[in-house]
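Novice: generate a structure from the sequence data that follows.
(one chain, ligands or ions: 1)
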Amino acid sequence: MDSVKITAKKIKALKIQGASKVREKAINALVSQTLNSKQTNPTLFRKEFLKNAKILFDARPTEPALRTGIRILKKSISGKHLSVEQMKKIIKKTDEGYGLNRKQAMKKMSKYGAKLIPKGSTIMTLCHSHSVIDVLIRAKKNIDHVYCLETRPLFQGRMTASDLSKAGIKTTLIIDNAASTVLKKCDFFFTGADALLADGDVVNKIGTNQISTLCKRYDTKHYAVTSTHKFEPSSFFGNDEPIEQRALSEVLPKKISKVAVANPAFDRTDSSLIEGIICEKGVFPPEVLSSKLYDSLNLDKHELDFLKL
Ligand code: RUB
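Specialist: I've put the predicted structure just below:
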């Protein structure tokens, strides 16, 4: 098992990528290091936990799923008079329950998603979303063809194309700029999500918004496949989801004199463009899901500090 520091390094370098995997690997590293802690003093133990949690929390700026996982663990040991042994037991139990809950959520999502895909469907996707891949593989009998956008600058679309083709799905990899030439014949545009926000907007890999906008033109349905744990509660209080800015060298390895470069990793798609959000609770219009989540979370503004870590 990798340490917290190594895991954070791999996440930053995108050796671990996709919100669900980032969350899973980060939580595994945090739990393992916490359970192996040599601290015997409860205050120092908690301090060590929070220090490690923060390293992971900050590894990628646009990842509410990761934050949710960490918040769940943090909350589990918030009781005042717990000994180190008690905290270790609680963390172990919380992690086991949480892991199971996430596996079941993934399964439900892929079932709901696959049901939406009728025989003979042609689909476009971008980047590398484990949630989307699960749906497509489950629906493979009904899929005629999947077009994967290569997803510059780091080409995660190649991983998706490889995963889908290994699963026996007819797959074509195209450059990002070729999207409009095939979107016309696609029935669906399936994407994952990194963040779900209070107004129903979805943050996902850069490029999602422009294809989603084009979907309206070509009558292609955009579905986002995402667990509700990617919902960012602080967005209900006006907090904006930060967009990760990645190294400029990913775009341009060798500088061009006087040319500025920008490299945002994610963009925000307006809820009005999205046909539905496929999550473990079913398939919902984006605003309906966010109002459901608001009701179920029962949030209070004073909890904002807790959300920060
Ligand atoms: C990955 C990406 C994925 C979401 C959802 O970006 O945008 O669509 O993270 O992934 P990156 P999943 O490669 O920069 O991490 O469905 O696996 O949670």
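
Novice: when you work out contacts or count neighbours from here on, use the C-alpha atoms and nothing else.
Specialist: Will do.

Novice: count the residues that sit near P264.
Specialist: Applying other CA atoms under 10 Å, we find 13 residues neighbouring P264.

Novice: now it, nearest residue through space, not along the chain?
Specialist: Nearest residue to P264, sequence neighbours excluded (CA to CA, 6 or more residues apart in numbering): Q245, at 4.5 Å.

Novice: ramachandran angles for that neighbour?
Specialist: The phi and psi torsions at Q245 (degrees, to the nearest 10) take the values phi -110, psi 120.

Novice: ok, it to the ligand distance?
Specialist: 11 Å (CA to the nearest ligand atom, to the nearest Å).

Novice: what number of residues lie near that residue?
Specialist: 14.

Novice: repeat that for K258.
Specialist: 6.

Novice: show me what contacts it?
Specialist: Neighbour list for K258: empty [criterion: CA atoms under 8 Å, 6 or more residues apart in numbering].

Novice: got a list of what the residue nearest to P264 touches?
Specialist: By CA under 8 Å, 6+ apart, the residues touching Q245 are 262-265.

Novice: dump those residues into CSV; add distance to K47, secondary structure and pLDDT as well.
Specialist: Output for the contacts of Q245, formatted as CSV (distance: CA to CA, whole Å; DSSP: H, G, I helix; E, B strand; the rest coil; pLDDT from 0 to 100):
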residue, distance to K47, secondary structure, pLDDT
A262, 37, coil, 97
N263, 35, coil, 98
P264, 33, strand, 98
A265, 32, coil, 98
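
Novice: what ranges do the helices span in this structure?
Specialist: With DSSP state H, the ranges of helices along the chain come out as 4-12, 19-35, 42-57, 64-76, 84-115, 130-138, 156-166, 179-183, 208-218, 286-297, 304-308.

Novice: wait, which of those helices is closest to T191?
Specialist: Among the helices of the chain, helix 130-138 comes nearest to T191, with 6.2 Å by CA to CA.

Novice: that closest one near the ligand anywhere?
Specialist: Yes. Interface with the ligand: helix 130-138 contributes 130-132 (CA under 6 Å from any ligand atom).

Novice: could I have the buried ones of the residues you listed as PyMOL selection syntax?
Specialist: A single PyMOL command selects the buried members of the residues of helix 130-138 next to the ligand (16 or more other CA atoms under 10 Å):
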select buried, resi 130+131+132
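
Novice: still on that earlier bit, which one (most neighbours) among the contacts of Q245?
Specialist: Counting neighbours by other CA under 10 Å, the top entry in the contacts of Q245 is A265, with 18 neighbours.

Novice: just confirm it contacts R246, I think it does.
Specialist: Yes. Between A265 and R246 there is a contact under CA atoms under 8 Å: 6.3 Å.

Novice: enumerate the residues of the chain near the ligand.
Specialist: Within reach of the ligand by CA under 6 Å from any ligand atom, the chain has these residues: 17-21, 127-132, 191-194, 204-205.

Novice: give me that answer again for 5 Å
Specialist: Counting by CA under 5 Å from any ligand atom, the residues of the chain lying close to the ligand are 17-20, 129-131, 192-194, 204-205.

Novice: any chance of a markdown table for those residues, columns pLDDT?
Specialist: Putting those into a markdown table (pLDDT from 0 to 100) gives the following:
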| residue | pLDDT |
| --- | --- |
| Q17 | 97 |
| G18 | 97 |
| A19 | 96 |
| S20 | 96 |
| S129 | 98 |
| H130 | 97 |
| S131 | 98 |
| G192 | 98 |
| A193 | 98 |
| D194 | 97 |
| N204 | 98 |
| K205 | 98 |
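
Novice: and P253, how many neighbours?
Specialist: That count, for P253 with other CA under 10 Å as the rule, works out to 9.

Novice: quick one: low-confidence residue ranges for the stretch 201-309 of the chain.
Specialist: For the stretch 201-309 of the chain, the stretches with pLDDT under 70 are 301-307.

Novice: tally of neighbours for the residue in it positioned nearest to the ligand?
Specialist: Closest to the ligand within the stretch 201-309 of the chain is K205: 3.7 Å, counting by CA to the nearest ligand atom. Number of residues near K205 (other CA under 10 Å) recorded here: 21.

Novice: report the beta-bridge partner residues of it.
Specialist: F266 (DSSP bridges).

Novice: is it in contact with T269, as I believe?
Specialist: No. Judged on CA under 8 Å, K205 makes no contact with T269 at a distance of 10.1 Å.

Novice: which one of the residues of helix 130-138 next to the ligand is nearest A29?
Specialist: The shortest approach to A29 among those belongs to H130, at 19.7 Å (CA to CA).
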